[in-house]
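> Below are the sequence and a predicted model; questions follow.
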Amino acid sequence: MCIDKLTLGGSSLLALMGAALLFSAGAVAFPVLNNPHGAEEPGKKVLYSVFSSRPKHLDPLITYNLDDSLFIDQIYEPPLEYHYLKRPFELQPLTLTQMPTVEYLDAQGRVTKSPGAHTVYSRYRFDIKPGIMYQPHPAFAKNKNGEAFYQFTRASDGAAYKNFSDFTETGTKELTADDYIYQIKRMADPTLPMPIWDLVSHYIVGMTELRDDIQTLRAQYPNQWINLSDFLLSGVKQESKYRFTVTLRGVYPQFKYWLAFHFFAPVPMEVDRFYHLPGLAEKNISLDFYPVGTGAYMMTKHNFNEEVVLERNPNYHEDFYPTSGETDDEKNGLLKDAGKKLPFIDKVSFRMETEAIPMWTKFLQGYYDRSGISSDSFDQAVNVSIEGIGLSDDMRKKGVKLDVTVKPETYYLAFNMQDPVVGGLDDKHRKLRQAISIAYDEAEYISIFQNGRGEIAMSPIPPGIFGYQSADKNIDTNIFNWKEGRLERKPIEVAKKLLAEAGYPNGRDIKTGEALTLNLDTTSAGQDDNSRFNWLIKQFKKIDVQLNIRSTDFNRYQDKLEKGSVQIYFMGWFADYPDPENFMALLYGPNGHIGSGGAGVNYSNYNNPQFNALFDQMKNMEDSPPRMNVIRKMIDIYHHDVPWASSFYSQSYILSNEWMRNYKPHGITLATLKYQDIDESLRAEKRREWNQPVLWPLVCLVFFILLVTIPGYQAYKKRLNRKVMEASVSGESH
């Protein structure tokens, strides 16, 4: 009788162990199992990015928020844009055939050769490129009679449209002069809170009158949509289908920069009418949630709590990658795609990430293409040495690229110049501010709380903006010394001497003997700020001044600034446009914040007549040596009066994975996605390499189970075989 036996000899066990080791060593290519984005669509280039806070407004007229601009600047197209590669920042036509032409007019409307004292108006002429089409959208859908497909007058008629996706019919239209004019007229609509209304109403002729006309008609028909095309705006004229003019009061050279901002992006009458269909606003079907533009991308998913998706606009007009840039751009590979048609990316997925560590982990795994550097991950990403700043060894091995740029923004610690203790332009109050400025060590602040990412400022004007003054060119000698080629803060003894001259020897009022206590207001109130607050208190204690930190919420903070009830405060300013006027306006007397309703940007309420006169002279000058001379005089006055204790320019550190192409931080505009590209095959390869499953714990577990169970199983089989043999022998004997 034949009997089958299970035998697991030494050679079989070794074969099993060898197979297990092969898998654990990564010799077998496993699929990537931990991809948070899921499977990618074949044939589509997808860029993965993040957003950390929910967008508030996607209507280009009413948002002044960087979180909103991240999305809408890819969708909307104002007349002008910034050159992607050139620095200093340079404007160029976007939807126009050429840069706007400017004529200067006298009081009778006659054209003059150049601007001067006789100039009363400036008239800008715009010529639009024919053939620019909007993205597909229900607002442009037409019925067989050529009328709007979606039109109803009662909310009950639109009850079937519960979501935006229920509007299945779409269409498009060509961009015309009327669309830009309609958007400018929207600026006058009192129901739309435009952030720069004071500015446009001051300069664009007829805006105030238009607002009055709209307000009057709305009072008569409060619940009806008003077609703004029916209103006259005297300062804006259509000359042809593709040409229009805008007339400004006086001379305002900075107007050209606003023409590259999304406030001036076109919103057609058809879109305004569609979103005012009865019942849609109650369902959040509005321009605030569903933007419509002619730009490279359109929004196809807007789950603001999870993911926002932009996809290539199928109707996007011809647009090409720049053929020139800065000196190093070609060496850095930024001109390899010169002249190629844009955009390169088919889809951009923005994921909501509120925590820095998970976002950083996904970047290291290759699931985000770019990343900033938080304080928690700074040492892992960057090495700081005497030679400078460089990538860590781990980042270099991964092929990561580091872009370091100084952003066109200024952060400052400042005084309320209307406060009776720290304000005033007399010597006593000036010396108090100067003493505090010496004690407050901005370099130490940058080192500790910014990981060294910053540059001490000599004026409000940051690098990249005309008028910027580096420390070696225009040092503030009231606060610093220049020693052995570097900036050095004056000794604390100098600060104490100034404090005594201000009437506070050893930090006490010379008349009353009471300790000097100053209040610093801030919006920060989290536990993570405790170390910063303690550091601030120590800075003032150097000169025996007590600091009381008053943290509050943002709205209360703004209210205190408006009422002038702050003494010392923190503030930051990001460039609206790359002109020194935008930053020196922070110190211009008529821009004082107290009583301005929030419009005044001079939060310090600094008001020096000499500075104001120089500002008036400088603001309308072209960039030139005479303008630079005026700016230097203004900075000298600023140094003398000390309205700000200290300030710094922030540096941006951006990491890009090896497969990113054509990425160059801009600093002013966020409309840069259309230029960027990715190497999909390299990304897929690196993701597999960086995300191989860790199998050794499983292999160890298998070995353990085998080692425990195999001897027992072999013993069991031997006993079974022995019983079978004994039974067989017993049967044969019978």
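Okay, I see it.
> Return the distance of stretch 496-504 from the chain's centre.
42 Å (CA atoms, centre = their mean, to the nearest Å).
> Other residues contacting that stretch?
Contact partners of stretch 496-504, identified using CB atoms under 8 Å, 6 or more residues apart in numbering, comprise 427-429, 431-432, 434-435, 438, 505-507, 509-511, 516, 543-545. Every residue, glycine included, has its C-beta placed from N, CA and C.
> what residue ranges in the chain are flagged as low confidence?
1-33, 386-387, 524-528, 694-696, 698-699, 713, 723-734 (pLDDT under 70).
> and the nearest residue to residue 249 once chain neighbours are set aside, what is it in contact with?
Of all residues not flanking residue 249 in the chain, residue 203 sits nearest, at 5.6 Å (CB to CB, 6 or more residues apart in numbering). Shown in contact with residue 203 (CB under 8 Å, 6+ apart): 248-250, 252, 255.
> cutoff 6 Å now
248-249, 252 (CB atoms under 6 Å, 6 or more residues apart in numbering).
> now the strands: where do they sit in the stretch 601-734 of the chain?
With strands called from DSSP state E, counting those that start in this stretch, the stretch 601-734 of the chain shows them at 644-656, 660-661, 677-678.
> May I ask which helix or strand encompasses residue 519?
Using DSSP states H and E, residue 519 maps to strand 517-522.
> Over to the closest residue to residue 377 other than its chain neighbours. Which of the three states is it?
Excluding its sequence neighbours, the residue lying closest to residue 377 (CB to CB, 6+ apart) is residue 360, at 4.6 Å. Three-state assignment for residue 360 (DSSP: H, G, I helix; E, B strand; the rest coil): helix.
> tally of neighbours for residue 360?
Per other CB atoms under 10 Å, the neighbour tally for residue 360 reads 21.
> likewise residue 492?
Considering only other CB under 10 Å, residue 492 is surrounded by 14 other residues.
> that older thread, filter the contacts of residue 203 down to just the ones in strands.
248-249 (DSSP state E).
> Make JSON lines from the contacts of residue 203 and add distance to residue 618 to it.
Output for the contacts of residue 203, formatted as JSON lines (distance: CB to CB, whole Å):
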{"residue": "248", "distance to residue 618": "19"}
{"residue": "249", "distance to residue 618": "19"}
{"residue": "252", "distance to residue 618": "13"}
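> Now, of the contacts of residue 203, which are buried?
248, 252 (16 or more other CB atoms under 10 Å).
> so how many other residues sit close to residue 70?
19.
> quick revisit: of all the strands of the stretch 601-734 of the chain, which one is nearest residue 471?
Comparison of the strands of the stretch 601-734 of the chain against residue 471 by CB to CB identifies strand 644-656 as nearest, at 11.2 Å.
> Return the list of strands paired to the closest one, each annotated with direction.
strand 370-371 (antiparallel), strand 401-415 (antiparallel), strand 454-456 (antiparallel) (DSSP bridges).
> Of the strands of the stretch 601-734 of the chain, give the one that comes closest to residue 707.
That would be strand 644-656 among the strands of the stretch 601-734 of the chain, by CB to CB, at 45.7 Å.
> gap between the spatially closest residue to residue 136 that is not a sequence neighbour and residue 516?
Sequence neighbours aside, residue 170 is the residue nearest to residue 136 in space, at 4.1 Å (criterion: CB to CB, 6+ apart). Computed as CB to CB, to the nearest Å, the residue 170 to residue 516 distance reads 67 Å.
> Please apply the same query to residue 555.
30 Å.
> Can you pick out the residue with more neighbours from these two?
Per other CB under 10 Å, whichever of residue 555 and residue 516 has more neighbours is residue 516, with 20 against 9.
> And that one, how close does it get to residue 538?
Distance from residue 516 to residue 538, by CB to CB: 16 Å.
> same thing with residue 291?
For residue 291 relative to residue 538 (CB to CB), the value is 48 Å.
> residue ranges for the helices of the stretch 51-200 of the chain, please.
66-75, 177-186, 197-203 (DSSP state H, counting those that start in this stretch).
> is it fair to say residue 345 lies in a strand?
No - assigned with three-state DSSP, residue 345 falls outside any strand and is coil.
> sorry, back to before: now the residue nearest to residue 249: how far from residue 253?
Relative to residue 253, and taking CB to CB, residue 203 is found at 11 Å.
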